[in-house]
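Engineer: got a predicted structure plus its sequence, pasted below:
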Amino acid sequence: MLKVLKFGGTSVGTLERIQNVANIIKKIKDEGHDVIAVVSAMSGETNKLIEYASHFAKKPKDIELDMLLSSGERVTSALLSIALNEQGYESISYSGREAGIVTNDEHTKARIEHINTDKLKVSLKKNKIIIVAGFQGVSSEGRITTLGRGGSDLTAVAIAGAIKADVCEIYTDVDGIYTTDPRIEPKARKLDKISYDEMLELASLGAKVLQTRSVEMAKKLNVNLVSRSSFTPEVEGTLITKEENIMEKPLVSGIALDKNQIRVGMYKVKDTPGIAASIFTALANANINVDMIVQTVAVDGKTDLDFTIPTADLEICQEVMKVFENDVENIDYNEDVCKVSVVGVGMKSHTGVAAKAFSAMAKENINIRIISTSEIKISMIIDEKYAELSVRALHDVYNLDK
Ligand code: ADP
Ligand code: ASP
Ligand code: MG
């Protein structure tokens, strides 16, 4: 079998752990498989580099950030390859560019356009273990790009899809996908399987165990994706797969939490046709990902407009909002909120799921500020101080530990 393995930051966080990863790879190689391993930077490294950059500039150029941040994964890939070679296993490390990963030029959040797998195939033919530095590629202008935070997951899935690997195993510090973050709710239960769509919702709603775009890509290219642990590699992980491969469809499969949310309140907005269009067009043009939106019923020709944005977009949002200052009484930004969400394909065909969520909140006296729903999810904006409590309450009300 051809296996693409990915090892996250914690899994390569120390030299001992890099050796542990080498041992996992050696074992898989000894079992007769071909291996391409994608690695992240050592844990904390990417944040440290961002910190360094911010010492010199409030907003460094994205192109320079990419040059800087991509170095973290190159360090680990080379170290891992050095270790394997020394231990009698032929291996070679590649940067994203060398691995043939071509992206667009949206620096710091580049999209993969295609992968030229020639070099990878030649090395596989020579029976080498290939180590690829995750999170990065090269633009058509020949500059180094990065794929957004958590982007090594995407590198692994994209390579697995392009080279038609039999499986893509994402090794991290938990042994699979749980009904919620096991660090918040110790009673969380590990799932054997989860559908691409549910995983996509969980990831985009804050469960960082897999990067959203990697799940999107896995679905598109039909990659057999497995989430498992490098600390307990003998334990089987969770398979992320097509909905039809899952026999038993639970009503609710998981709870996600996202603390990186800001609630923007625009009070007494002039209630004229076109005002919402101009506000949200301006936000879209600034590349701000607006999530939940509510508008209250107008009183005296004025209405309140509330919406949420990712914390990272606060400054750009404030900049954009300057244009509208004359159309509103005031605008406030509340950072002390979070978004808690219930995800499950079973919701499509069952009623009462939302009511249950709201009563779980009511029982804990948690005020829900904004609600939004889709076919397979219910999201609520609440005060951040209730974040963990709300996750546990929801986990409980749907009996997810059973
Ligand atoms: P890596 O550094 O390996 O990429 P991440 O820190 O990005 O790992 O993701 C792993 C973490 O995701 C876990 O430590 C866990 O706290 C968190 N997590 C959040 N939601 C879930 C979930 N539903 N199942 C498993 N882990 C989850
Ligand atoms: N090192 C990058 C990050 O911390 C990419 C990754 O680990 O997947 O976001
Ligand atoms: Mg990650």
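Structural biologist: Alright, I've got the coordinates. For clarity, every value in this text was computed on a predicted model and none was experimentally measured. Ligands and ions are numbered 1, 2, ... in the order given.
Engineer: name the nearest residue to the closest residue to ligand 3 within the chain, sequence neighbours excluded.
Structural biologist: Ranked by Cβ to the ion, the top residue of the chain for proximity to ligand 3 is Gly150, at 4.1 Å. Quick note: C-beta positions are derived from backbone N, CA and C, even for glycine. Leaving out its chain neighbours, the residue that sits closest to Gly150 by Cβ to Cβ, 6 or more residues apart in numbering is Gln211, at 3.6 Å.
Engineer: close to ligand 1: what parts of the stretch 51-200 of the chain are there?
Structural biologist: Within the stretch 51-200 of the chain, the residues that sit near ligand 1 (Cβ under 6 Å from any ligand atom) are 150, 172-174, 177-178, 180-183.
Engineer: from those residues, list just the buried residues.
Structural biologist: In terms of neighbour count (16 or more other Cβ atoms under 10 Å), the buried residues within those are 150, 172-174, 177-178, 180-182.
Engineer: can you give me the helices in the chain?
Structural biologist: For the chain, the helices defined by DSSP state H cover 15-30, 45-56, 62-86, 118-125, 152-162, 196-204, 212-221, 275-285, 314-321, 353-363, 387-397.
Engineer: in CSV, list these along with mean neighbour count.
Structural biologist: Formatted as CSV, the helices of the chain follow (neighbours: other Cβ atoms under 10 Å):
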stretch, mean neighbour count
helix 15-30, 17
helix 45-56, 14
helix 62-86, 20
helix 118-125, 14
helix 152-162, 28
helix 196-204, 24
helix 212-221, 21
helix 275-285, 15
helix 314-321, 15
helix 353-363, 16
helix 387-397, 20
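Engineer: taking the centroid of the chain, which residue is nearest it?
Structural biologist: Gln211 (2.6 Å; Cα atoms, centre = their mean).
Engineer: kindly report the residues of the stretch 101-250 of the chain close to ligand 2.
Structural biologist: 134-135, 149-153.
Engineer: so can I have JSON lines of the residues you listed showing pLDDT?
Structural biologist: What follows is those, written out as JSON lines (pLDDT from 0 to 100):
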{"residue": "Gly134", "pLDDT": "98"}
{"residue": "Phe135", "pLDDT": "98"}
{"residue": "Arg149", "pLDDT": "95"}
{"residue": "Gly150", "pLDDT": "97"}
{"residue": "Gly151", "pLDDT": "98"}
{"residue": "Ser152", "pLDDT": "98"}
{"residue": "Asp153", "pLDDT": "98"}
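Engineer: biggest separation within those residues, which pair?
Structural biologist: Taking Cβ to Cβ as the measure, these span a maximum distance of 11.7 Å, between Gly134 and Arg149.
Engineer: more neighbours: these two, which one.
Structural biologist: Shown here are Gly134 and Arg149; by other Cβ atoms under 10 Å, Gly134 has more neighbours (33 against 16).
Engineer: for the residue in the stretch 251-400 of the chain that ligand 1 sits nearest to, what are its contacts?
Structural biologist: Here the stretch 251-400 of the chain gets closest to ligand 1 at one residue, Gly254, 5.5 Å apart by Cβ to the nearest ligand atom. Listed by Cβ atoms under 8 Å, 6 or more residues apart in numbering, the contact set of Gly254 reads 177-180, 191, 194, 198, 202, 207, 342-344, 400.
Engineer: next one: Gly265
Structural biologist: Taking Cβ under 8 Å, 6+ apart as the test, what Gly265 contacts is 304-306, 331-334.
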